[in-house]
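K.L.:
A structural model of the following input is requested.
(one chain, ligands or ions: 2)
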Amino acid sequence: MKIKNYINGKFEDPIHGAYINNYIPSKGEIYGQIPNSSKEDVEKAVQAAEKAFPIWSNTTLEERSKIVLKIADLILEKLDFLAAAESKDNGKPISLAKTVDIPRAASNFRFFANAITQFASESHESVGLNAVNFTLRQPLGVVGCISPWNLPLYLFTWKIAPAIAVGNCVVAKPSEITPMTAFLLSEICDEAGLPKGVLNIVHGLGISTGQAIVAHPKIKAISFTGGTKTGAHIARIAAPMFKKLSLELGGKNPNIIFADCDYENMLATTVRSSFANQGQICLCGSRILVEEKIYEQFKKDFTKKVANLKVGNPSDSTTNIGALVSKQHLEKVKSYIDNAEEYGGKILFGGKEVHVKNYENGYYLQPTIIEVSDNNCKLNQEEIFGPVVTIMSFKTDEEALQLANDVKYGLSATLWTNNLNRTMQFSKQLQTGIVWVNTWMLRDLRTPFGGAKESGVGREGGFEALRFFTEPKNICIEYE
Ligand SMILES: NC(=O)C1=CN([C@@H]2O[C@H](COP(=O)(O)OP(=O)(O)OC[C@H]3O[C@@H](n4cnc5c(N)ncnc54)[C@H](O)[C@@H]3O)[C@@H](O)[C@H]2O)C=CC1
Ligand SMILES: O=C(O)/C=C/C=C(\O)C(=O)O
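P.N.:
Numbering: from 1, shown residues only. Ligands and ions are numbered 1, 2, ... in the order given. Below is the predicted model:
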């Protein structure tokens, strides 16, 4: 299948007619083509967005909210179809696409359709000066949204929904590795009656299409999720133009387990936080730190549970771990496993490619547990972004905190304990944007989402997202 760009409400071939192949990860075969859009395509999209902006930004909240809610409804109506497409394009288990990815894409639209009706700006009475100040929150104009391949529709819509709901017009690019559900979303937006030019979806490679979006002088803000290296590159291009930037980047998140935790809940959740989506979620707890007292017991129980996970064809409803997203990514993840000893680790479980019957060329890997003894080793410092976790033990609270913070990343941390004082001490001192206590990935869309250190800048979610996609303008009136 050949997918198309969505520009000014029309489905279009790229201007230069160039296409790139799209692969199905479960089979390792080409199954479609996507536009390799040029800067001329991006220019066309920017012009359409600019033209749409004066009308869309002055459309009543009620009307905007109604259209955005309609998009949410249509996503839910087509849940099974979208989930099948997502699972095929990305390699993720169909069960995950059905219960997490697609419902969350609908929630993103529903949430921001409602949030704009509650979003307010400030006013300050300047007592004694006979003046009153009030602040307008105006949409920025044309904004760029660039998303990755791990949670394709989920993260694409996490950016687009707040951007359009609050009155901007968007030029968006999904990952070239997983373009399908973004294309299907363009059909849904059309059906929902989103006015032409409000959302423009341009497909293509990061280095050409993505970079043309970042470098375009008329695009006022960039919301990006992806690798830290790419985020730094984008910042270098955008900063001299003083664009607003929201960068949600990599993680090397500690999962800190104390002996006083609710053990069974911790164990089941740790399997999920380690291997959900083949470990390809920026929030996965890829460094497991366990209190020495329960370390040997944990190792035994964890390995037993992980050994029961079924690696298989993503469209099989009993599959727990599907295919990795691409051959290139499989090779990257494997290189950490193949060099585990040199990188300071000992493989306790997994580490091998899996050959799934009738899907022999797919990109399957066993869930892998590696024991390490030094947090400074490569395996504990670099984002692997696959079904690979490391485990190591600690003796004291101080040591656990020091290990948890001793990485360049600062996205999230998980803490397992029933001690309230410890919970508060860790919550205050962990150098991360998100701390989960006795849970993982429990999402309330009102909360600020993002990382510290090299995990990014800015926060998504709730009013933080609406603030990012608007410019505050203060009006000061003096009266007699
Ligand atoms: N934080 C996260 O959620 C994610 C982290 N990663 C990490 O990044 C590593 C590399 O994965 P990639 O697929 O290469 O991610 P990437 O960061 O290169 O890709 C993410 C998005 O950015 C676009 N992009 C790439 N270069 C660009 C540029 N110069 N200008 C504008 N847009 C650009 C891509 O086309 C894609 O849409 C992964 O192995 C993983 O460690 C990858 C995806 C998501
Ligand atoms: O917003 C969420 O719930 C999760 C976001 C996850 C990522 O940004 C990621 O894995 O890249």
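
K.L.:
okay, CA-based contacts and neighbour counts for the rest of this
P.N.:
OK.

K.L.:
Spatially nearest residue to the spatially most central residue of the chain, not counting backbone neighbours?
P.N.:
Computing the C-alpha centroid of the chain and ranking residues by C-alpha atoms, centre = their mean puts residue 155 first, at 4.7 Å. In space, residue 155 comes closest to residue 147 once its chain neighbours are excluded; the distance is 6.3 Å by C-alpha to C-alpha, 6 or more residues apart in numbering.

K.L.:
contacting residues for the one you found?
P.N.:
When contacts are counted by C-alpha atoms under 8 Å, 6 or more residues apart in numbering, residue 147 touches 155-156, 173-175, 224-226.

K.L.:
Where helices are concerned, which of these count?
P.N.:
Counted as lying in helices by DSSP state H, out of the contacts of residue 147, are 155-156.

K.L.:
and residue 163, backbone torsions?
P.N.:
Note on residue 163: backbone dihedrals following degrees, to the nearest 10 are phi -60, psi -50.

K.L.:
so who does it touch?
P.N.:
Contacts of residue 163 (C-alpha under 8 Å, 6+ apart): 143, 169-170, 465-466, 469.

K.L.:
swap the cut-off to 7 Å and go again
P.N.:
By C-alpha atoms under 7 Å, 6 or more residues apart in numbering, the contact list for residue 163 reads residue 469.

K.L.:
so what's residue 404 scoring on pLDDT?
P.N.:
You'll see residue 404 listed with a pLDDT of 98.

K.L.:
repeat for residue 370
P.N.:
98.

K.L.:
Figure out the helix or strand that it lives in.
P.N.:
strand 368-372 (DSSP states H and E).

K.L.:
Distance from the chain centre to that strand, please.
P.N.:
Relative to its parent chain, strand 368-372 has a centroid offset of 25 Å by C-alpha atoms, centre = their mean, to the nearest Å.

K.L.:
Is there a neighbour count for residue 395? I'd like the number.
P.N.:
12 (other C-alpha atoms under 10 Å).

K.L.:
doesn't residue 294 make contact with it?
P.N.:
No - the pair residue 395 and residue 294 does not pass the contact test of C-alpha atoms under 7 Å, sitting 10.5 Å apart.

K.L.:
sorry, back to before: output the strand holding residue 370 as CSV, nothing but the C-alphas.
P.N.:
This file holds the C-alpha atoms of strand 368-372, laid out as CSV (Å, rounded to 0.1, in the frame of the first residue of the first chain):
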residue,chain,number,x,y,z
THR,A,368,16.9,-10.6,28.5
ILE,A,369,18.1,-10.2,32.1
ILE,A,370,21.7,-9.1,32.7
GLU,A,371,23.4,-8.9,36.1
VAL,A,372,25.8,-6.1,36.7
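
K.L.:
Show me the strands in the stretch 251-400 of the chain, by range?
P.N.:
254-257, 287-291, 345-349, 368-372, 388-394 (DSSP state E, counting those that start in this stretch).

K.L.:
so of those, which one's packed in deepest?
P.N.:
With neighbours defined by mean count of other C-alpha atoms under 10 Å, none of the strands of the stretch 251-400 of the chain is more surrounded on average than strand 254-257, at a mean of 28.

K.L.:
Please parse the chain into its domains.
P.N.:
According to automatic domain parsing, the chain is divided into the following domains: 5-249+455-478, 254-443.

K.L.:
Turn those into TSV, including distance to residue 449.
P.N.:
Below are the domains of the chain laid out as TSV (distance: least, C-alpha to C-alpha, whole Å):
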stretch	distance to residue 449
domain 5-249+455-478	5
domain 254-443	7
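
K.L.:
Name the surrounding residues that touch the lengthiest helix in the chain.
P.N.:
Longest helix in the chain by number of residues (criterion: DSSP H): helix 39-57. For helix 39-57, the surrounding residues in contact (C-alpha under 7 Å, 6+ apart) are 7-8, 14-15, 139, 141-142, 167-171, 196-198, 200, 202, 209, 212-213.

K.L.:
Just the buried subset of those residues, please.
P.N.:
Buried by 16 or more other C-alpha atoms under 10 Å: 7-8, 14, 139, 141-142, 167-171, 196-198, 200, 202, 209, 212-213, out of the contacts of helix 39-57.

K.L.:
Relative to residue 222, how far out is residue 231?
P.N.:
Separation of residue 231 from residue 222 (C-alpha to C-alpha, to the nearest Å): 11 Å.

K.L.:
For the two, indicate the residue with more neighbours.
P.N.:
Shown here are residue 231 and residue 222; by other C-alpha under 10 Å, residue 222 has more neighbours (27 against 22).

K.L.:
Quick one: residues contacting the more buried one.
P.N.:
143-145, 214, 244-246.

K.L.:
out of the residues you listed, who has the most neighbours?
P.N.:
The contacts of residue 222, ranked by neighbours (other C-alpha under 10 Å): first place residue 143, 29 neighbours.

K.L.:
Residues in a beta bridge with it, which ones?
P.N.:
According to DSSP bridges, the residues that bridge with residue 143 are residue 170, residue 221.

K.L.:
And the pLDDT at it?
P.N.:
Residue 143 is assigned 99 on the pLDDT scale.

K.L.:
Next: residue 363.
P.N.:
According to the prediction, residue 363 has pLDDT 98.

K.L.:
Please enumerate the helices of the stretch 51-200 of the chain.
P.N.:
61-77, 79-90, 94-96, 102-115, 152-165, 180-192 (DSSP state H, counting those that start in this stretch).

K.L.:
Serialize those helices to TSV and add fields for mean pLDDT and distance to ligand 2.
P.N.:
Shown next, in TSV, are the helices of the stretch 51-200 of the chain (pLDDT from 0 to 100; distance: least, C-alpha to the nearest ligand atom, whole Å):
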stretch	mean pLDDT	distance to ligand 2
helix 61-77	98	17
helix 79-90	98	13
helix 94-96	98	13
helix 102-115	98	8
helix 152-165	98	6
helix 180-192	98	16
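
K.L.:
Mind putting those into a markdown table with distance to residue 32?
P.N.:
Converted to a markdown table, the helices of the stretch 51-200 of the chain look like this (distance: least, C-alpha to C-alpha, whole Å):
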| stretch | distance to residue 32 |
| --- | --- |
| helix 61-77 | 22 |
| helix 79-90 | 10 |
| helix 94-96 | 20 |
| helix 102-115 | 21 |
| helix 152-165 | 17 |
| helix 180-192 | 9 |
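
K.L.:
Deepest-packed of the ones you listed, please.
P.N.:
Neighbour counts (mean count of other C-alpha under 10 Å) averaged over each of those peak at helix 152-165, with a mean of 26.
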